[in-house]
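J.: Quick check, what structure comes out for this input:
(chains A and B)
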Amino acid sequence: MKTEKQMMLDRLADAARRGSVSRRSFMACATAAGVTATAATGLWTSSARAAPARGGTFRVGIHDNNSSDTHDPGTYLSIQHIFLAHTHRSYLTLVNTDQTLGPDIAAEWTSTPDATEWTFKLRDNVTFHSGKKMTADDVIASMNHHRGEDSTSAAKPQLADVVDIVKDDDYTVTFKMAAGNADLPWTLTDYHLCICPANDDGTIDWQSGDGTGPYKIVDGEFGIGFQLARHEDWHLDGAYFDAVEMIALGDPNARQTALVTGDVDAISAIDLKTMALLSRDPNLVIYNVPSGSAITMPMHTNVAPYDNVDVRNALKLAMDRQECIEKIFFGAATVGNDFHHSPALPYWPDDIPQREYDPDQAKALLKKAGAEGLSISISSTESIFSGAVDMAVLYAEQAKAAGIDIKVVREPNDGYYSDVWLKKPYCMVRWGARPTPDVMYTLAYKADAPWNESLWQNDRFNELLLIAKSELDNGLRAEMYREMAMLARDDGGTLIPLFPNFVYASRSNVKTGDGLAASWEMDGCRAASRWWFEG
Amino acid sequence: MGDILGLVLKRLGLGLVTLFVISIIIFFMVELLPGDIAQAVLGQGATPENLAALRQQMGLDTPAPLRYLGWLAGAVTGDFGTSVVTGERVTSVIGERFQRTLFLAAYAAVIAVPISIALGVIVALLRNSIFDRVANVLTLTSISSPEFFLGYILVLYLAVKTNWFPAISSVSDDMTFWDLLNRTFLPALTLVLVVMAHMMRMTRAAIINLLASPYIEMARLKGTPPWKVIVRHALPNAWAPIINVVALNLAYLITGVVLVEVVFVYPGIGQALVDAVSKRDFPIVQACCLIFAATFILLNLAADVGAILTNPRLRHPK
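T.: Numbering: from 1, shown residues only, chains lettered A, B, ... in the order given. Here you go, the predicted model:
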């Protein structure tokens, strides 16, 4: 965690970069924060040099689109949705470019000591594109869209613990929880939980596409593209581009060609196979950002032979993760260590020894379990990620050295997550990024979670999960997540080979801030309001 | 002429029966796909509760045959229903996209048909010459390569290396007509290359076939120049097969653009169809497929009528 001084300096540097603070007051504030005058001068020049310029139309090619998408936040799924949502709508909180939590329309928040009640102070200067002022009613209606019996929202599980949302005054709301949840402000960065204008009956008007985000929709159609213009009354700093044009570019070749020829200024994903070729073009910048998304390989821990922890660990030891990263992901991935907690997330324990490829030890463990010459099958399909079946085949080859015979079953793309995942005892899965380890563990590792994909039951893990959830002391929480990571790594039923990076690209005249948010592609899908053209 | 009218009416009636059968097949094919709309919409984020709520909202809890009959009752009165996923009218989802697809097909046809027929006449005239061979090899090569490959080759040479044309064909309403032609030139050219060989070679074959007939020999003997023999005497009798193959290729231009649309990111009907299938959005799939089927039926009918009209023997049966 950053110290308060560092955070203040960061904020100052940000202000300097935006030009919203003069050199004189910058120096005064920096020296007051305990920085020497020389250091402050250096900080000023390095920050102010990159002062963003305003203007231009940012044309961005998006890789994941559906013609059948709608503005309903409950059905958000594609990157087209997520990028558009962060461009024309707002959230209560947001992920900063240094992966910390920051304010969006909520200016500040506090909780009761047991973290069962969270009170959010809203900014009073937030307006919808229609001109209407945003108030607590809009926030409550927007959250209730994902709650209640007949809600069809995919974000329903995230807010399952919320018992009630109360309006204290026009700019204050309180979330009442069934149990303490120290992560609620993080949960509210979820891409579904955006703010829409409330109707009189307490529902929301998502159909009109109105929002409080940095850009307003001028025209557009899902599956084709959107034209957006700056919302001059936006409540945050940024939004340097005059206009944003999102273009649906599903075909990887078309997308990359469009970037190379300058038909677009940035694209939300590149084909890893051509990453090396593209990076040789001096007109392009490739961003390779470690992400919170993960590839998991869950084994059903109640089914033989996976009910034996030695077999599970043997299977974990039988994978050469580095080779998978190099051959399948062309280096654009971060190695996993069999606990579902990426280095891009808060509380990541950095002192846990990395599990390496060790066929001999795997053999020894199998012998101990009396399962020598183990023969199993693993399900995979190409739609999980490009190269998923290849990776399963590669794993099968690596496991041969440990005397394990793995049959790779290629399942149909269609219905993989309804017919294979949670049903076949050993398969391959891709998880999107979740904001905190608690959200991830609660979703897919908690004993009674419907998506407990390895059906793993570990009393100590579940006990810690509950305690950590409502613990407001960051140090204590970090310790608990470390212990949970060790349990998942050594006892759990999920092999986590790697965390895929987000790899996207822009023309070199597009400038970004110092960091890139790792929550989604394109700077947490906030590129439109955070990036700018070189002046 | 009364016979032609009768024939047209009979064929249109048969066409309607065909469309009806196709609509049944498509409906149950979509039903057979694993997973359902609700699952496709919610993806990995589906829980039993929100799946059930969404299914109810979309009306998926009624049995499949009833849903089909409901759709059919609407379709008979010209109402193709609303998209199950977005609730938008099918006509408003497809209308504009179908217009764009028609535009691209027309653009390609306007270039391809005259050039391939003229080229066919020329190679028939110069048959077995170097020109004939080269034209044949080139057109056959282009028809033998898959559309997306041709598209990539064109993008590489005409967009990336020379920057003459834009690599992607994203179009908007405020473009001028010339802008539009420039933006969509590469996909149109790809389609032209794909359909040219068929039409050119059929023209060539039909004409060469006739050149052995006695009346052509007569024309030649009376001293008519070779080009006139072909254009005045041979071509009028060769129209029937040529019209047939042109009609087939026009139908292909409309239904076969899916790949080309994807390569050039052209917002036509193909992309909508692919998305609708992956989301199991039955009304949209149904409407797209029926449009494609109707295109084939109508163009085939047009080919037959054209063949009759250009043949006096069929026009005035004894």
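J.: tell me the domain boundaries of chain B?
T.: B:2-76, B:95-315 (automatic domain parsing).
J.: Check these for me: which has the lowest mean pLDDT.
T.: Note on the domains of chain B: domain B:2-76 shows the lowest mean pLDDT, a mean of 80.
J.: Let's see the pLDDT reported for residue A:482.
T.: 95.
J.: try residue A:513
T.: Value for residue A:513, per-residue pLDDT: 89.
J.: Any idea which residue of the stretch 301-450 of chain A lies closest to chain B?
T.: Chain B sits closest to residue A:415 of the stretch 301-450 of chain A, with a gap of 3.4 Å, by CB to the nearest CB. Where you see a C-beta, it was placed from the backbone N, CA and C, and this is true even at glycine.
J.: Number of residues surrounding that residue?
T.: 17 (other CB atoms under 10 Å in any protein chain shown).
J.: Tell me how far residue B:25 lies from chain A.
T.: 19 Å (CB to the nearest CB, to the nearest Å).
J.: The helix or strand hosting residue A:324 packs against which elements?
T.: Per DSSP states H and E: residue A:324 is located in helix A:321-327. Packing contacts for helix A:321-327, counted by 3 or more CB pairs under 8 Å, 6 or more residues apart in numbering or on different chains; DSSP states H and E, involve strand A:333-335, helix A:388-400, strand A:494-500.
J.: winner for burial among these?
T.: strand A:494-500 (a mean of 25; mean count of other CB atoms under 10 Å in any protein chain shown).
J.: who does that strand pair up with?
T.: strand A:294-298 (antiparallel), strand A:333-335 (antiparallel) (DSSP bridges).
J.: thinking again about what came up before, just put the helices and strands packed on helix A:321-327 in CSV and tack on distance to residue A:305.
T.: Formatted as CSV, these follow (distance: least, CB to CB, whole Å):
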stretch, distance to residue A:305
strand A:333-335, 26
helix A:388-400, 13
strand A:494-500, 14
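J.: Take the ones you listed and write them to JSON lines, including mean pLDDT.
T.: Listed next are these as JSON lines, based on pLDDT from 0 to 100:
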{"stretch": "strand A:333-335", "mean pLDDT": "94"}
{"stretch": "helix A:388-400", "mean pLDDT": "94"}
{"stretch": "strand A:494-500", "mean pLDDT": "95"}
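J.: what's the closest of those to residue A:230?
T.: strand A:494-500 (32.9 Å; CB to CB).
J.: Next secondary structure after that closest one?
T.: strand A:502-507.
J.: Which other helices and strands does the helix or strand just after that following strand contact?
T.: Next in sequence after strand A:502-507, counting helices and strands by DSSP H and E, comes strand A:510-511. In terms of contacts (3+ CB pairs under 8 Å, 6+ apart), strand A:510-511 is packed against strand A:532-533.
J.: by contact count, what packs against the strand it packs on?
T.: Using 3+ CB pairs under 8 Å, 6+ apart: strand A:532-533 touches strand A:510-511.
J.: ok, now with 10 Å
T.: Contact partners of strand A:532-533 among helices and strands, from 3 or more CB pairs under 10 Å, 6 or more residues apart in numbering or on different chains; DSSP states H and E: strand A:57-62, strand A:510-511.
J.: so what strands line up beside that strand?
T.: Partners of strand A:532-533, by DSSP bridges, with direction: strand A:510-511 (antiparallel).
J.: Could you look up the SS state of residue A:70?
T.: When classified by DSSP: H, G, I helix; E, B strand; the rest coil, residue A:70 comes out as coil.
J.: for the residue lying closest to it once chain neighbours are set aside, helix, strand, or coil?
T.: Leaving aside its chain neighbours, residue A:70 sits nearest to residue B:86 (4.8 Å; criterion: CB to CB, 6 or more residues apart in numbering or on different chains). Put simply, residue B:86 is coil when judged by three-state DSSP.
J.: Could you double-check that residue B:86 sits in contact with residue A:68?
T.: Yes. Between residue B:86 and residue A:68 there is a contact under CB atoms under 10 Å: 5.7 Å.
J.: quick one, which of the two is more surrounded?
T.: residue A:68 (26 against 21).
J.: do you know how far the more buried one is from chain B?
T.: Residue A:68 is 4 Å from chain B, by CB to the nearest CB.
J.: Now do that residue, the pLDDT please.
T.: For residue A:68, the model assigns a pLDDT of 78.
J.: Which phi and psi values does it adopt?
T.: phi -90, psi 10 (degrees, to the nearest 10).
J.: residues contacting residue A:275?
T.: A:256, A:286, A:288, A:329-332, A:503, A:505 (CB atoms under 10 Å, 6 or more residues apart in numbering or on different chains).
J.: pLDDT weak spots in the stretch 151-300 of chain A?
T.: Within the stretch 151-300 of chain A, no stretch has pLDDT under 70.
J.: Residue B:32 is in contact with the residue of the stretch 301-450 of chain A closest to chain B, correct?
T.: No. Using CB under 10 Å, residue A:415 is not in contact with residue B:32; the gap is 11.4 Å.
J.: re earlier: any chance of the strands paired with strand A:494-500 in JSON lines, with distance to residue A:533 too?
T.: What follows is these, written out as JSON lines (distance: least, CB to CB, whole Å):
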{"stretch": "strand A:294-298", "distance to residue A:533": "34"}
{"stretch": "strand A:333-335", "distance to residue A:533": "31"}
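J.: Ok, which of those comes nearest residue A:491?
T.: strand A:294-298 (13.8 Å).
J.: angle of that closest one against helix A:388-400?
T.: On the basis of axes from the mean of the first three to the mean of the last three CA atoms, to 10 degrees, strand A:294-298 is oriented at 60 degrees to helix A:388-400.
J.: any idea which helix or strand comes after strand A:294-298?
T.: helix A:309-317.
J.: Would you mind writing the CA trace of that next one as PDB?
T.: Extracted C-alpha coordinates of helix A:309-317, given in PDB (Å, rounded to 0.1, in the frame of the first residue of the first chain):
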ATOM      1  CA  VAL A 309      -4.700 -34.000  -2.800                       C
ATOM      2  CA  ASP A 310      -1.400 -35.700  -3.900                       C
ATOM      3  CA  VAL A 311      -2.900 -36.400  -7.300                       C
ATOM      4  CA  ARG A 312      -4.100 -32.800  -7.600                       C
ATOM      5  CA  ASN A 313      -0.600 -31.500  -6.700                       C
ATOM      6  CA  ALA A 314       1.000 -33.900  -9.100                       C
ATOM      7  CA  LEU A 315      -1.100 -32.500 -11.900                       C
ATOM      8  CA  LYS A 316      -0.100 -29.000 -10.900                       C
ATOM      9  CA  LEU A 317       3.600 -30.000 -10.900                       C
END
